[in-house]
Structures are given as C-alpha cells and as structure tokens.
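S.K.: Sequence and predicted structure below; questions after.
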Amino acid sequence: MSTTTTADRGGRAGSSDPLGSIGWTERTGGVLTARECVTLARPLLRGELGILAGLLAMALRVHSGRRATIEPARLAPPDSSLARDAQEAAEDLLTPALRNHAHRAYAWAAAIAARGGVSFDRELLYLAAMFHDTGLPSPVPHVDFTVRSAALAREFTDRHGMPADSREVVTNAIAMHHSPGVGLESGPEAYLMSAGAAVDVFGLRSNEIPDAVRRRVVEQFPRLGFKREFAALWRAEAKQVPRGRAWYLHRFAVTDLSIRMAPFG
C-alpha cells in the first residue's frame, strides 16, 4: 500500500494478470506463491518505513499536511442516484465501524488525489470504497475476501446497467486495495482506493492529509472502535487464507501493532 507499483511484476507463469488484480485474485483465490511473496517485500518495507516517517513528522509538527488546505467539496461523494444506491446497498452489508471506514477511505483517497493532482472518476472510486470490505466479515477458507467484495460490487453494477469497462475498474480497485505497492500504473481508482484504505487502517500517508481535514472527516464518520474490530477481522482472514495477502501483511507487517499505531483513535 505504497506508491511503488507492482502492476507489472509478480504474475504467475502463463498468466498476464498482474499480481493483486481482479483477474489474479479470482484465479488464485488470492494465495501467494513464494516468488510473489518476495515480489511484495520491497513495497511492503517502503510502506512500513513510510508509516514510521509519517508518524515522526506528525509528532515533530513538520508533516506536509500541517499547512495544506483542501476545499471540502473535493472530498464530497458524487451526487448521483447510483452513488446513493451504492451507499445504501453496501451499508446493509457492513457493521457501523466498517461503514464509517468505507466513507473515510473515500475521503482520504480524494484528499490524496487533491494534493497530488490525480484525476479520477469519482463515481467509480466511490463504488469501490463502499464495497471494498463487504466480503471481510464472512471469511471463506482459501478465498481472499476481495473476491467476495468484488462479486457483490459486480452484482450491484450489473443491476444498474454499468458498462463492462467501468465495472472492471471498480472490481479491480477492490481486489488491489490491500496489495503493497499499488501505483498509478494500475489506474487512478485502484491507486487511490489502496491509498485511502491504507491511511485509515495503518496511517500510511496520513501526514499528507491536512490536519483540519483529518479532524473533520473523523468527526463526520467516527471510528466507533474500528481498530479493535478491524484487527480481529484481519486475523480471521489471515487464518482462513494461509499465504494470502492478509496473512502476508499480518505476518510481515505486524498488522496488529501497525493498526494500533495509526494516528487515529
């Protein structure tokens, strides 16, 4: 979940699906080979060092978000019936803490886009944010939770007649969001979905978010014991999918500690 791309590395022999993509995840169940584990090591380390550097910068009050500003309108969800329907559908599948996490992840992603000048489709990113964790509360052995999240998003987009290419953007962003090293080469929505989720779960790049924005978003969408609930869900996912990405992050990124260290309550 750093800005270094893995989009062109780590695919299995005979397959063109990038590591972490929706095609790779559905084909493999999200289970990593030894080679793919090695491939993820460098972006994972960069992400962990980025978290520590960001926490230090915030503690010393020298972080880049200290004096930055973002217009609130740039963080608002798209004003469309599709977006409202997506919110309603996803919230029926999520606990209160996960619902607010979905909203915050979108807001952080939009903030990172605003600060970095990244253009993206607001509606597609919002749909990805609403559905990205819908599969997490019901782990299935040997199947990455994003497969279920993407399936739920696909059912929703099919009912609403979304074009296949747009549907692919949404499901791919969902599948890739917890891979270390998602870059813009994977598409702006996938990049921003991964970045927004990483801000909220681990605090990665939270030092880039303006202080006033962090306070306002958390006030609007309270944490509601998110750290404790999410850490438990992550442990369950890691146990159900040995050698999956949740297992990988839990083992090598010490996710329980990383979640506790995130600069949010």
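M.R.: Received the coordinates, thanks. For clarity, every value in this text was computed on a predicted model and none was experimentally measured.

S.K.: who does the helix or strand harbouring Val213 touch, helix- and strand-wise?
M.R.: Element membership for Val213 (DSSP states H and E) is helix 211-220. Helix 211-220 sits against helix 96-116, with contacts defined as 3 or more C-beta pairs under 8 Å, 6 or more residues apart in numbering; DSSP states H and E. Backbone N, C-alpha and C define where each C-beta goes, glycine included.

S.K.: how about the helix it packs on: buried residues?
M.R.: 97-115 (16 or more other C-beta atoms under 10 Å).

S.K.: again, but for stretch 27-34
M.R.: Here stretch 27-34 shows 28-32 as buried, counting by 16+ other C-beta under 10 Å.

S.K.: Pull the residues that contact that stretch.
M.R.: Applying C-beta atoms under 8 Å, 6 or more residues apart in numbering, the contact partners of stretch 27-34 are 12, 15, 17, 40, 142-144, 146-147, 241-245, 248.

S.K.: Which of those residues sits closest to Ile70?
M.R.: Ile70 lies nearest to Thr146 out of these, by C-beta to C-beta, at 28.4 Å.

S.K.: quick one: the closest one and Arg215, what's the gap?
M.R.: 30 Å (C-beta to C-beta, to the nearest Å).

S.K.: Next: Ala41.
M.R.: For Ala41, the distance to Arg215 - C-beta to C-beta - is 35 Å.

S.K.: do the same with Phe120
M.R.: Where Arg215 is concerned, Phe120 sits at a distance of 24 Å (C-beta to C-beta).

S.K.: More neighbours: the two, which one.
M.R.: With neighbours defined as other C-beta atoms under 10 Å, Phe120 and Arg215 compare such that Phe120 has more, 20 against 11.

S.K.: In terms of pLDDT, where does the residue nearest to the more buried one when sequence neighbours are not counted sit?
M.R.: Closest residue in space to Phe120, ignoring its immediate chain neighbours: Pro188 at 4.0 Å, by C-beta to C-beta, 6 or more residues apart in numbering. If you check Pro188, the pLDDT there is 98.
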